[in-house]
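Q: what would the 3D arrangement of this be:
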Amino acid sequence: MNGDEDRSKKSRVVLLLTVAIVLTGAALAWLSWTVYESYRFTNSDMERGFRIEQLRGEIIHLDEVLTMSARMAGAMGDLRWDERYHLFEPQLDAAIKEAIDLAPSAGSGEAASRTDAANLKLVEMEERALALVHQGRRDEAQAILFSAGYEEQKTIYAEGMNEFASLLERTVDGVQRSRQRRAVSSIGITAVVMPILALAWLIVLRTTRGWQTDLLHANRELRERNRQLVDARTQAATDALTGLSNHRAFHDRLRHEVSRAQIDGTKLSLIMMDIDDFKGANDNLGHLGGDDVLRRFAHTLAEIVSREDAYRYGGDEFAVLLPGVGGHQLALVAERLRSAISEAKDACGRGITVSLGVASFPDIARSADELLYGADVAMYQAKSAGKNRVGCWLPERPAVNDNAGARPRVAPARR
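A: I've put the predicted structure just below:
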């Protein structure tokens, strides 16, 4: 009997040992695979999230670029704005398509259908307006681009894009929550199995330490990528030549300041500037000399107004946003800028002059687009009136699309 009991115990020990070894191997294999998958999906989800956030900003920016290009083409009759429109239109379509590919659920549903319909109508209206510009029928083009129907479709499209952006964000959050739930479930199962697999504790601890190392590395990588993203956004908003904020940053700030002025009931003024005869400076001094003129101009500009209020709008055009400024104070600031710049010299000692256009919200302009339009028109009127002077936009009728009533007043330069 004792031999039979010994053999029975030995069999049970062997069986238990075999079961323990098999369970330990299975647990270790499962845990190793889970760690690998978690690490791999963490990197994949971070890259996907970064790209979706980047596309969200690009879509909003490109939509504003198309609207501004179409309206400027209608306002000025300059066909270069038409070229700019058709340059950026494919980029917007590509960005939306890529975003839908990354988050398919965001591109379906009733909201997406409304947004697509509004986008098609906007493109049709803008193309029709640009065709009218080509025919020299600017008034009809502006009537389309500033009509109530166009604004209605813009509102529908903007609401749809906001909902689209929210869906993108929720898609990323949903994936992250799913990964988190999977990680929590893995930890729970491991906590139940670990006490049973006493012989595997050392291996499990080592695996856990390796997992922790991977997570720490992933966190460090995430912080580094966040830092790079912040640096990239700063660089994207800064003009490399002059150090001033660029065209994109200007439009973001303009919309923000107009919205704030509407809420607070305060004034907001805009000064648009164009360096006189800059092409001649480029021809005489070369492109390096022309760059030097732009840097000198920007330096002088930053000495008169706050650097955060000064922008290089593009080429030899600059802009200054003045929150809380209007009326007589705006005229003083504009004249002070004109006078200070006229005292600057280029590399050959020749004088630099500038034509300025000013407009104010809400005294004259009633929207961000109208404020920019008014200052731009006044600037070109000042240039047409002899350069080196300040033009003030004083429309006789409230609607910006009624150019027949817009009468810029041009102030001669003070000698």
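Q: let me know the average pLDDT across stretch 275-286.
A: Stretch 275-286 carries an average pLDDT of 80.
Q: read off the pLDDT value for the residue nearest the centre of the chain.
A: Nearest to the mean C-alpha position of the chain, by C-alpha atoms, centre = their mean, lies Gly57 at 4.1 Å. Looking at Gly57, its pLDDT stands at 78.
Q: so where does it fall, helix or strand?
A: helix 2-76 (DSSP states H and E).
Q: now Arg296
A: helix 278-304.
Q: quick one: average pLDDT of the helix or strand that that helix is followed by?
A: Downstream of helix 278-304, the first helix or strand assigned by DSSP H and E is strand 310-314. Across strand 310-314, pLDDT averages out at 92.
Q: what about the nearest residue to Ser69 once chain neighbours are set aside, helix or strand, and which?
A: Computed as C-beta to C-beta, 6 or more residues apart in numbering, the closest residue to Ser69 that is not its neighbour in sequence is Tyr85, at 4.0 Å. Quick note: C-beta positions are derived from backbone N, CA and C, even for glycine. Assigned by DSSP H and E, Tyr85 belongs to helix 80-102.
Q: beta partners for Trp393?
A: Pro408 (DSSP bridges).
Q: next, the buried residues of the helix holding Arg296.
A: Buried residues in helix 278-304, defined by neighbour count with 16 or more other C-beta atoms under 10 Å: 278, 281-282, 285, 290, 292-294, 296-298, 300-302.
Q: and for His134, the neighbour number?
A: Neighbourhood size, His134 [other C-beta atoms under 10 Å]: 12.
Q: and it, what pLDDT?
A: 85.
Q: which helix or strand contains Glu370?
A: Glu370 belongs to helix 368-384, assigned by DSSP H and E.
Q: ditto for Thr115
A: Thr115 belongs to helix 110-134, assigned by DSSP H and E.
Q: tell me what that helix is packed against?
A: Applying 3 or more C-beta pairs under 8 Å, 6 or more residues apart in numbering; DSSP states H and E, one finds that helix 110-134 contacts helix 2-76, helix 80-102, helix 138-145, helix 148-196.
Q: strands of the stretch 201-350 of the chain, start to end?
A: Per DSSP state E, counting those that start in this stretch, the stretch 201-350 of the chain carries strands over the ranges 268-275, 310-314, 317-323.
Q: right, and these - which one's nearest Leu244?
A: With distances scored as C-beta to C-beta, the stretch of the strands of the stretch 201-350 of the chain nearest to Leu244 is strand 310-314 (4.7 Å).
Q: so how far is that closest one off the chain centroid?
A: Distance of strand 310-314 from the chain centroid (C-alpha atoms, centre = their mean, to the nearest Å) equals 16 Å.
Q: buried set for it?
A: Under 16+ other C-beta under 10 Å, the buried positions of strand 310-314 are 310-313.
Q: spatially nearest residue to Asp363 (excluding sequence neighbours)?
A: Here the residue nearest Asp363, using C-beta to C-beta, 6+ apart, is Gly326, at 5.8 Å.
Q: what distance do you get for the one you found to Ala375?
A: Going from Gly326 to Ala375 by C-beta to C-beta, to the nearest Å gives 13 Å.
Q: which one of the two is surrounded by more residues?
A: Set Gly326 next to Ala375 and count neighbours by other C-beta under 10 Å: Ala375 wins out with 27 against 19.
Q: so who does the more buried one touch?
A: 270-272, 319, 357-359, 393 (C-beta atoms under 8 Å, 6 or more residues apart in numbering).
Q: repeat that for 10 Å
A: Residues near Ala375 by C-beta atoms under 10 Å, 6 or more residues apart in numbering: 269-273, 319-320, 356-360, 364-365, 391-393, 408.
Q: again with Thr242
A: Thr242 neighbours (C-beta under 10 Å, 6+ apart): 291, 294-299, 301-302, 310-312, 318.
Q: could you rerun that using 6 Å?
A: With contact set as C-beta atoms under 6 Å, 6 or more residues apart in numbering, Thr242 has these partners: 294-295, 298, 312.
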